[in-house]
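Undergrad: Sequence first, predicted coordinates after that:
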Amino acid sequence: MHYQLQLFGDKKIRTLWNDEEEKWYFSIIDIVAALTDSADATAYWRKLKQRLKAEGNESVTNCHALKMKAADGKMRLTDVADQEEMFRLIQSIPSPKAEPVKQWIAKVASDRIDETTDPEIAVRKAIETYSRHGYNDSWTKERIEQIEERKSLTDEWKRVGIKEIQYAILTNDIYKAISDMTAREYKQLGK
């Protein structure tokens, strides 16, 4: 696990990268402090948690506690949320500071629906993103072809009855046979 501080405006958000799960966790108290003018972010989160539970919101159930460095320098348990749950919680915070994030989430969701309706939009956006990151046209074309090949492979696995949960195992076996590395080790090589 890797700890890191992210900035949101002038507020610090404690984050934790879980190598095993390959996902980020964010301190909920820090997010609440950054998005509200509450004098006590912990009390605000406790009250928000109660309200969300009463509404039947599953987000609170999906949040759990991990040790993160507290202001006094000691490692203490704090409630954390992964990226998806963090965005869900932000939507529940009634604050002008949260509004730009909520608008961005709505825009991303709308774009994603458009991409589902017209997959060509997603391909164009992928090409634009690769270009912004400095990849040349040749690399981008090859990457798009690799994505299509991967889709063909997973479509075949699906056709023969292999469950999606087994894809990672099969992918790992392919990486191991080709490079003598796991998929995760191979990805780390490119970093």
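TA: Everything's here; your move.

Undergrad: list the buried ones in the helix ranked longest in the chain?
TA: Secondary structure of the chain per DSSP state H: the longest helix is helix 137-159. For helix 137-159, burial by neighbour count (16 or more other CB atoms under 10 Å) applies to 140, 157. For glycine as for every other residue, the C-beta is placed from the backbone atoms N, C-alpha and C.

Undergrad: Can you show me the helices along the protein?
TA: 28-35, 41-54, 59-62, 83-91, 99-117, 119-132, 137-159, 167-179, 183-189.

Undergrad: closest to residue 74 out of the ones you listed?
TA: helix 28-35 (15.0 Å; CB to CB).

Undergrad: coming back round to it: which one of the helices of the chain is the most hemmed in?
TA: For the helices of the chain, the largest average neighbour count (mean count of other CB atoms under 10 Å) is found in helix 28-35, namely a mean of 23.

Undergrad: thinking again about what came up before, will you turn the helices of the chain into a markdown table that also has mean pLDDT and distance to residue 13?
TA: Formatted as a markdown table, these follow (pLDDT from 0 to 100; distance: least, CB to CB, whole Å):
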| stretch | mean pLDDT | distance to residue 13 |
| --- | --- | --- |
| helix 28-35 | 93 | 4 |
| helix 41-54 | 92 | 11 |
| helix 59-62 | 76 | 17 |
| helix 83-91 | 91 | 9 |
| helix 99-117 | 91 | 12 |
| helix 119-132 | 91 | 24 |
| helix 137-159 | 91 | 31 |
| helix 167-179 | 85 | 29 |
| helix 183-189 | 74 | 25 |
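
Undergrad: In CSV: those helices, plus distance to residue 11.
TA: Conversion of those to CSV gives the following (distance: least, CB to CB, whole Å):
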stretch, distance to residue 11
helix 28-35, 4
helix 41-54, 10
helix 59-62, 21
helix 83-91, 13
helix 99-117, 13
helix 119-132, 27
helix 137-159, 36
helix 167-179, 36
helix 183-189, 31
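
Undergrad: closest to residue 68 out of these?
TA: Here helix 28-35 is closest among the helices of the chain (CB to CB), at 8.8 Å.

Undergrad: Run the chain-centre distance for the closest one.
TA: Put simply, helix 28-35 sits 17 Å off its chain's centre (CA atoms, centre = their mean, to the nearest Å).

Undergrad: Which strands or helices does it pack on?
TA: Helix 28-35 sits against strand 2-8, strand 11-18, helix 41-54, strand 75-82, helix 83-91, with contacts defined as 3 or more CB pairs under 8 Å, 6 or more residues apart in numbering; DSSP states H and E.
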